[in-house]
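# coords please:
(chains A and B)
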2 protein chains.
Amino acid sequence: MKYGRFESQGNIFYGIVDGETVNELEGSPFETCRPTTTRHALSSLKILVPCVPGNFYCAGLNYLAHIEWVNARKGGNLKPPAKADVGYRSNNALIATGETIVIPADAPGPVQYEGELVAVIGTQARNLSEADALSCVLGYTLGNDVSDRGWQASDRTLWRAKNCDTWKPMGPFITTGLNPMNLTVSVKINGQPAAEYSTSKMLFSAQHYIAVISKYMTLWPGDVIWLGTDNATLPDLKDSDVCEIVQKDIGVLRNRVARADA
Amino acid sequence: MKYGRFESQGNIFYGIVDGETVNELEGSPFETCRPTTTRHALSSLKILVPCVPGNFYCAGLNYLAHIEWVNARKGGNLKPPAKADVGYRSNNALIATGETIVIPADAPGPVQYEGELVAVIGTQARNLSEADALSCVLGYTLGNDVSDRGWQASDRTLWRAKNCDTWKPMGPFITTGLNPMNLTVSVKINGQPAAEYSTSKMLFSAQHYIAVISKYMTLWPGDVIWLGTDNATLPDLKDSDVCEIVQKDIGVLRNRVARADA
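Below is the predicted model:
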């Protein structure tokens, strides 16, 4: 099942997406919800970010080929993380599919996409084992962890390297019933294939991340865990590019890029 | 004026604190609000965290004497940051005054307090100059940036070193009309003075942090910026301690400490 969050004529609601039709829900999948008799054409709705998380977790360096590519590109010597330490992103940066990624005029660049699988928490959880970890997940969506590699190298923290307004596209929908460890995530730039990887290559599984986080932290409905990216993240994003993160069961997270005027 | 967020008989509401009395508000100070005719005895209410931020910013290493103390304690060589790069904390860890800081059984320690001034954003803002920066601030509250120094040294990120459930006490109230650069913040452990500093010693001012953040990020009502701590953060916290962060115009953020059973 695919859940989406939509706006129509000033009303914001959740719905179940079935092809080109959306069945409006009363309530939300994070609390209680039930179908209404209202149906919309998907094309008539503005698609919103599927949730606004209370806690915005991310996995850093969770794929070996991406680490090796970073090392090759920068002549660096990043090691695969010895354990699943989590990082954070921030809600100011969230945008929905169809909205524009704006690169500030003073961003040193290069600015790059990172196509990621995102686990969306559906039920409150603490102290889950890996075997039970996925029981708290509502479903999966896609994220684009847009990053300025210049700021990533120069700044002490990842604030503007990762969290400028518009730099966290997320969506389009939350799909239930998927195996997070066996999905193909691909990226297109201007319609051309740019990157593709299998989530089976995660260094630390979705289950492991959830178990580790929930040992110390209560996971809340609507929290998200971005699970990292593999391989190179080229070509660099430039003004007017269209960047698409694609997974066949979730959909296409499509965002145009604009460079802000100085 | 002092705003607080309260619960009484299952109702959650904002109020204006006047001595031992709370004037209940309709709405919240982050949107529109107006006083009602309802008054409560402060002692009859449960004090809640004064807001749940959409974006939870923090200043790292924002006082020189604290950096020098860290270096002396660890034989390290931390430099004062060259610029105001911001970090993040996470909502799972928030607790109100009166609630208990729980130290996980496997926390290596030492676990220490950090008493901090917190700027609470009241109005949406982007691209503020330092001269205008405080125009978006509703008021100021207190935070206790509870930290496990062992995990802070061993982990690649600050997730469990700083963000275990209950490790971000915040409150008790939001006080308007203060000069954030001329306040005395003090800490008591079990009623005994433990630390005290003046916010005039910030390396980067509240105004500077707000201007820098808002250059790249929209600040939203309810966002918080924790502004760092000065000096030593001793003694280490241990089971049954009572830790109080005190500022005379804001109040006392008081939390008992409990070590979880193994």
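# got the residues of chain A near chain B?
By C-beta under 8 Å from any C-beta of the partner chain, the part of chain A that sits against chain B consists of A:52, A:54-57, A:60, A:81, A:83, A:85-93, A:104, A:126, A:155-157, A:159-160, A:163-165, A:213, A:215-220, A:223. Where C-beta positions appear, they are placed from N, C-alpha and C, glycine not excepted.
# just checking, which of those belong to helices?
Residues of the residues of chain A next to chain B located in helices (DSSP state H): A:159-160, A:163, A:213, A:215-216.
# what's the helix or strand for the residue most central in space within chain A?
By C-alpha atoms, centre = their mean, the mean C-alpha position of chain A lies nearest to A:Gly143, the distance being 1.9 Å. A:Gly143 is part of strand A:137-144, with elements assigned from DSSP states H and E.
# what is the residue nearest to A:Cys136 when sequence neighbours are not counted paired to in the beta sheet?
The shortest distance from A:Cys136 to any non-neighbouring residue, by C-beta to C-beta, 6 or more residues apart in numbering or on different chains, is to A:Ala125 (3.7 Å). Going by DSSP bridges, A:Ala125 is paired in beta bridges with A:Leu219.
# give the other helices and strands that the strand holding A:Gly143 contacts.
For strand A:137-144, the elements it packs on are strand A:115-121, strand A:168-175, strand A:224-226, strand A:242-247, strand A:251-259, judged by 3 or more C-beta pairs under 8 Å, 6 or more residues apart in numbering or on different chains; DSSP states H and E.
# nearest to A:Pro108, of those?
strand A:251-259 (12.6 Å; C-beta to C-beta).
# list the strands paired with that closest one, with their directions.
As defined by DSSP bridges, the strand partners of strand A:251-259 come to strand A:100-103 (parallel), strand A:242-247 (antiparallel).
# ok, back up a step: is it possible to get CSV of the helices and strands packed on strand A:137-144 that adds distance to B:Thr175?
Shown next, in CSV, are the helices and strands packed on strand A:137-144 (distance: least, C-beta to C-beta, whole Å):
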stretch, distance to B:Thr175
strand A:115-121, 34
strand A:168-175, 33
strand A:224-226, 33
strand A:242-247, 44
strand A:251-259, 41
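# can you list these in TSV and add mean neighbour count and mean pLDDT?
Listed next are the helices and strands packed on strand A:137-144 as TSV, based on neighbours: other C-beta atoms under 10 Å in any protein chain shown; pLDDT from 0 to 100:
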stretch	mean neighbour count	mean pLDDT
strand A:115-121	26	98
strand A:168-175	27	98
strand A:224-226	27	98
strand A:242-247	21	98
strand A:251-259	19	98
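# I'd say the residue nearest to the centre of chain A and A:Pro172 touch.
No - A:Gly143 is beyond contact range of A:Pro172, at 11.3 Å (criterion: C-beta atoms under 8 Å).
# need the residues touching each of the two.
A:Leu253 (C-beta atoms under 8 Å, 6 or more residues apart in numbering or on different chains).
# can you list the domain ranges for chain A.
Under the assignment automatic domain parsing, the domains of chain A span A:1-48, A:50-259.
# quick check: which of those domains is buried the most?
domain A:50-259 (a mean of 20; mean count of other C-beta atoms under 10 Å in any protein chain shown).
# export the helix or strand of chain A with the lowest mean pLDDT as CSV, just CAs?
Using mean pLDDT, DSSP states H and E, helix A:64-74 stands out as the lowest-scoring helix or strand of chain A, at a mean of 92. Provided in CSV are the C-alpha atoms of helix A:64-74 (Å, rounded to 0.1, in the frame of the first residue of the first chain):
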residue,chain,number,x,y,z
LEU,A,64,31.4,0.4,0.9
ALA,A,65,31.6,1.4,-2.8
HIS,A,66,30.6,5.0,-1.9
ILE,A,67,33.3,5.2,0.7
GLU,A,68,35.9,3.9,-1.8
TRP,A,69,34.7,6.4,-4.3
VAL,A,70,35.0,9.3,-1.8
ASN,A,71,38.5,8.1,-1.1
ALA,A,72,39.5,7.9,-4.7
ARG,A,73,38.0,11.3,-5.5
LYS,A,74,39.6,13.1,-2.6
